[in-house]
Structure formats: C-alpha cells, structure tokens
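**Q** sequence first, predicted coordinates after that:
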Amino acid sequence: MPEPYYKHDGIEIYVGDARELLPCLPAGLTVTDPPYNVGYGYDEYTDRMPDHEYQEMMRITAPSPAVVIHYPEALFEMAIARGAAPSEMVAWVYNANTHRQWRGIAWWGITPDFSLAGQEYKNPTDRRVQQLIADGKQARLYDWWHIEQVKNISSEKTAHPCQIPVAVMERVFSITPFYGVIIDPFMGSGTTLRAAKNLGREAIGIEVSKAYADIAIDRLQQSVLAL
C-alpha cells in the first residue's frame, strides 16, 4: 500500500500516475473530470496522446462504477471503447467566450436518482409556483444543469488552469446513490475532494503534479469554501 501524500478526516491524496497507483488502493466510485486530450498546458502532464492510448488510460483509470465529465464527443468515444452506453447523461451548461458551451456528465455502472435533489423553480412569478415555494418545495432536478465555470474572477479560482466548480461535483454526489469511497484519479486542484469533504464523504485523489496536489491540500484545509 503506498503512503499518502496527505491524509486527514477521511480524505487521502496520492502523488503519482493513477494507472500505477489504483491497483494498490481500495475500490470505490470513480468521479472525475479528466484531462481532455486537447492540449491544455498542465505542468507535469502532456495533454495530447494518440487516441487509442488515451482511451486505454480512461478504461484503466475510470472503471465502473464511474461518473466522468467530458466533452460529449469524447464521452461517445468512451462508450464505444467500453462497449456500453452510460446509464444516464446530464448536460452541464455555462456561458463562455468559446464555441463550447457545455460538457456532458456520464454515469457508467451506476444510475443517479434525480429525486434525491431539487432545484429552484424556473417560473417563480407563477401564483401556483409561489405557493409551492411558500410551502418550502423545490422543482425536480432535470438533466440540464446551468452552473457557471470557474473563471479568473471567481472566488474559488486557484492557479490550476482547468478548474471546475465545486457545485458541479456536489450535485453529482447528491444524486448518486453510492456510499463507499469516492476516487478521483485526475484530482487536479482538488474540486472532487473539496466537494466530498463538504458533504462528509470519504474520498481519495490521485495527482501526478505535486504543485497541484498542494493546491488541493490548501483548499481542503480551508474551513469554509467561498462559493
């Protein structure tokens, strides 16, 4: 069993290659926003593999049950490589100054329960809806999540170049009925672990970059995450 780089309050971090470390760690629910293989400028990882190598890496590092966040085309390719369609997909949408305005969230080997979480009503001026709000009710959660990206002006922004919002991971956890350890093989800035800690879940993160692992540790040591 490898020694963790960080361990506290049900959260562990390992520094190294997930393909080498995962066989030594306990099984759990993989939840990850992996490198997208499109040439992002990470400090310890070259984000441009031949496609067959990338798909093999994803097969090894995100076995079922797994929740993977990625561009939709890549999720389709993963489904083909796995020989199985996701049990469910959600569109995470946001405003951006690029041609890409959404990413997919796909569940393999486990099915989310949308009844476990709610959201604000989209027509709060309707009298019937106003009464429902007064009664403390929420709308059912749909498969279209509008959550803005982490931008340079965001209060949760770190030095990591490709950070996703804690709110996305918290929503994933809120509807995924699995109570074992959460594993993120591509931890990055630690969003998955921070969300897990916020919700009292056990989690393991793996990151090849010590600099990014240190960012994650700093976020975990914050008593309250600014959202």
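**A** Received, thanks. Numbers count the residues shown, from 1 in each chain.
**Q** leaving out the residues flanking it, which one is nearest to residue 159?
**A** Closest residue in space to residue 159, ignoring its immediate chain neighbours: residue 215 at 6.2 Å, by C-beta to C-beta, 6 or more residues apart in numbering. C-betas here are computed from N, CA, C, even on glycine.
**Q** okay, that neighbour: pLDDT?
**A** Residue 215 is assigned a predicted lDDT (pLDDT) of 95.
**Q** now do residue 201
**A** On pLDDT, residue 201 comes in at 95.
**Q** who touches it in this structure?
**A** Residue 201 is in contact with 10, 173, 182, counting by C-beta atoms under 8 Å, 6 or more residues apart in numbering.
**Q** follow-up on the earlier one: next up, the contacts around the residue nearest to residue 159.
**A** Residues in contact with residue 215 (C-beta under 8 Å, 6+ apart) are 158-160, 189-190.
**Q** residue 98 and residue 216, how far apart?
**A** Distance of residue 98 to residue 216, given as C-beta to C-beta, to the nearest Å: 26 Å.
**Q** ok, the two, which is more surrounded?
**A** Using other C-beta atoms under 10 Å, the more surrounded residue of residue 98 and residue 216 is residue 216, with 27 against 5.
**Q** the more buried one sits in which helix or strand?
**A** Assigning secondary structure by DSSP states H and E places residue 216 in helix 210-220.
**Q** ok, which stretches of the protein are strands?
**A** Here the chain has its strands, by DSSP state E, at 6-8, 11-15, 29-32, 66-70, 88-93, 102-108, 118-119, 139-140, 144-146, 182-184, 203-207.
**Q** below-threshold pLDDT in this structure: ranges please.
**A** Counting by pLDDT under 70, the chain has low-confidence residues at 224-227.
**Q** so how far is the helix holding residue 216 off the chain centroid?
**A** Relative to its chain's centre, helix 210-220 lies at 16 Å (C-alpha atoms, centre = their mean, to the nearest Å).
**Q** same deal with stretch 66-74?
**A** Relative to its chain's centre, stretch 66-74 lies at 10 Å (C-alpha atoms, centre = their mean).
**Q** now the contacts of residue 215 in JSON lines, with distance to residue 203 and neighbour count?
**A** JSON lines is the format used below for these (distance: C-beta to C-beta, whole Å; neighbours: other C-beta atoms under 10 Å):
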{"residue": "158", "distance to residue 203": "18", "neighbour count": "17"}
{"residue": "159", "distance to residue 203": "21", "neighbour count": "11"}
{"residue": "160", "distance to residue 203": "17", "neighbour count": "22"}
{"residue": "189", "distance to residue 203": "14", "neighbour count": "25"}
{"residue": "190", "distance to residue 203": "9", "neighbour count": "30"}
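**Q** between strand 203-207 and the helix holding residue 216, find me the angle.
**A** Angle of helix 210-220 versus strand 203-207, following axes from the mean of the first three to the mean of the last three C-alpha atoms, to 10 degrees, is 150 degrees.
**Q** quick one, helix 210-220 and strand 11-15 angle?
**A** Put simply, helix 210-220 runs at 170 degrees to strand 11-15, going by the same axes, to 10 degrees.
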